[in-house]
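Student: how would this look folded up:
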Amino acid sequence: MTAVLKTLTLGCKVNQYETQLVREGLLAAGFRYGDHSEPADLCVVNTCTVTSEGDAKSRQAIRRLHRENPHARIVVMGCYATRAPDEVARLPGVGEVVTDKRELPDVLGRHGVVDLPKGISGMAGRHRAYVKVQDGCLLQCSYCIIPTVRPHMASRPAEDIVDEVQRLVENGYREIVLTGIHLGHYGVDFNRGRPRETWTRLATLLRDLCSRPTSAKFRVRLSSIEATEITRQLLDVMAEFADRICPHLHVCLQSGSDRILRSMRRRWNVKRIIDRVRQAQERLPALAVTTDVIVGFPGETEADFEQTLSACRAIGFSKVHIFPYSPRRGTDAANYPDQIPADVKNERTSRLAAVESELKRAYFSALIGRRLELLVEQVRADALVGTTCRYAPCQIPLANDGAHRSNEGDLVSCQVSSVRDGLLVASALFD
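Tutor: The predicted structure follows:
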């Protein structure tokens, strides 16, 4: 009887990609992916450790899998497994802990995988495909554990990435999200010792991807980037291939206070961040800019927080991912004095959320009348629902006659007519 496989992923897009790679390797080796009702022979759990909550959720997931699949061998990989392998190994049902992804070929070889795939062919349960192009982070932000568990900088060869994207597009994926632990450092490891004029950068990879001829329509989105990595070359490529690269940049702000940014050991001040984003906004009209902000970092005063609100307004983010600061054991910031009380963090989080709603409303309103491209993620009887190229949720009402009916995963063109309940509403479809 064919052995049954189950996988479970916690955390980031890179983890989602790595699980898919392992899943495809095991399926090619003869495993069958099981449904919820049947017990598995092998479970693979990809863990997250970016916060203490990530650790707890990883443990809960492993215990639940063991209860539901008492005879399965559980293989645990990911950042939590790397950071605390002995802790993970003591959890029920765990048969193997992968502390370094470079061990994966050997681990999977014990389950019949002869060759780990060079790339993926799909993304289970998703309408967009994540493509990991880079791993590792060399920064030492005081609040972040990730450089400890992913310290090895490694970029994938452009040819492998191009082949993978072409395969995904051929398999029906119409949005490809390029992701990495530090996406803007793609190519850094290739460039050591080479003349600057021959360097490979993220812009180089994007140009290579977008200039390859293809008969299928698809778009590329960047997952996250630091403001200083928004280079002239990157903006040139985004402008040149505006029909293929989503006009959206996710720029990590974290704080609008220079004093707090120094305490976080970030590499740039607020003025530099704002200047770089404004250059991008000038070059790419109606650019969507989203961000991450940590609220209540140790020592954050009311004045520091007000500066964060001002920076968010100055840039005009269309979305702000808000993270109340949570001390991460193993990072310097966890031992900083002046930890902020929970009630203060909650109050500031609410105020920032109100500003975010205001900024989102303003940006969405500015899109009225624009023609956008929608990735269909849900087909309802009365509407197509999905995400536009500018990372805005949108719905397109459908006529009763079913005209313009599309399928999930399709890219369709639309014209924005209004904003309703935090969504764009598109009034027309174009063939």
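Student: contacting residues for L5?
Tutor: 23, 26-27, 31-34, 40-44 (CB atoms under 8 Å, 6 or more residues apart in numbering). (C-beta placed from N, C-alpha, C; glycine too.)
Student: Name the nearest of those residues relative to K132.
Tutor: R23 (14.1 Å; CB to CB).
Student: need the contact list for that closest one.
Tutor: 5, 7, 33, 44, 124.
Student: hmm, 6 Å instead?
Tutor: R23 is in contact with T7, counting by CB atoms under 6 Å, 6 or more residues apart in numbering.
Student: Quick check: it vs N171, distance?
Tutor: 15 Å (CB to CB, to the nearest Å).
Student: Any regions of the protein where pLDDT drops low?
Tutor: Counting by pLDDT under 70, the ranges of the chain that qualify are 1, 400-404, 428-431.
Student: Break it into its domains for me.
Tutor: 4-109, 129-366, 371-430 (automatic domain parsing).
Student: before we move on, the earlier item: so which of the contacts of L5 sit within strands?
Tutor: 32-33, 42-44 (DSSP state E).
Student: Any of these buried? List them.
Tutor: Buried members of those, counted by 16 or more other CB atoms under 10 Å: 42-44.
Student: If the spatially closest residue to A61 that is not a sequence neighbour is in a bridge, with which residues?
Tutor: In space, and not counting its chain neighbours, A61 is closest to L8: 5.4 Å by CB to CB, 6 or more residues apart in numbering. Here L8 sits in beta bridges with V45, going by DSSP bridges.
Student: and L8, how many neighbours?
Tutor: L8: 17 surrounding residues under other CB atoms under 10 Å.
Student: surely it meets I62?
Tutor: No. Applying CB atoms under 6 Å, one finds L8 not in contact with I62, separated by 8.4 Å.
Student: For those two, list the residues in contact with both.
Tutor: With CB under 6 Å, 6+ apart as the test, L8 and I62 both reach V45.
Student: Compute the number of surrounding residues for G184.
Tutor: G184 has 21 neighbouring residues, counting by other CB under 10 Å.
Student: Relative to R262, how far out is the closest residue to it other than its chain neighbours?
Tutor: Spatially, and ignoring its direct neighbours in sequence, G184 is nearest to E229 (3.1 Å; CB to CB, 6+ apart). When distance is defined by CB to CB, E229 is 20 Å away from R262.
Student: circling back to that earlier point, just send the domains of the chain back as a markdown table, with distance to L116 too.
Tutor: Converted to a markdown table, the domains of the chain look like this (distance: least, CB to CB, whole Å):
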| stretch | distance to L116 |
| --- | --- |
| domain 4-109 | 5 |
| domain 129-366 | 13 |
| domain 371-430 | 27 |
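Student: Looking at these, spot the one closest to K118.
Tutor: domain 129-366 (5.4 Å).
Student: can you map out the strands along the stretch 1-150 of the chain?
Tutor: Secondary structure of the stretch 1-150 of the chain (DSSP state E, counting those that start in this stretch): strands at 4-9, 32-33, 42-47, 73-78, 94-97, 129-135.
Student: contacting residues around stretch 187-205?
Tutor: Here stretch 187-205 has contacts from 153, 155, 158, 186, 233-234, 237, using CB under 6 Å, 6+ apart.
Student: Those in helices, which ones?
Tutor: Among the contacts of stretch 187-205, the members falling in helices (DSSP state H) are 158, 233-234, 237.
Student: What's the ChimeraX line that selects buried ones from those?
Tutor: Remark: buried members of those, expressed as a ChimeraX selection using 16+ other CB under 10 Å:
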select :158,234,237
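Student: can you tell me which of the ones in helices among the contacts of stretch 187-205 lies nearest to D115?
Tutor: Distances from D115 to these, taken by CB to CB, are shortest for A158, at 21.0 Å.
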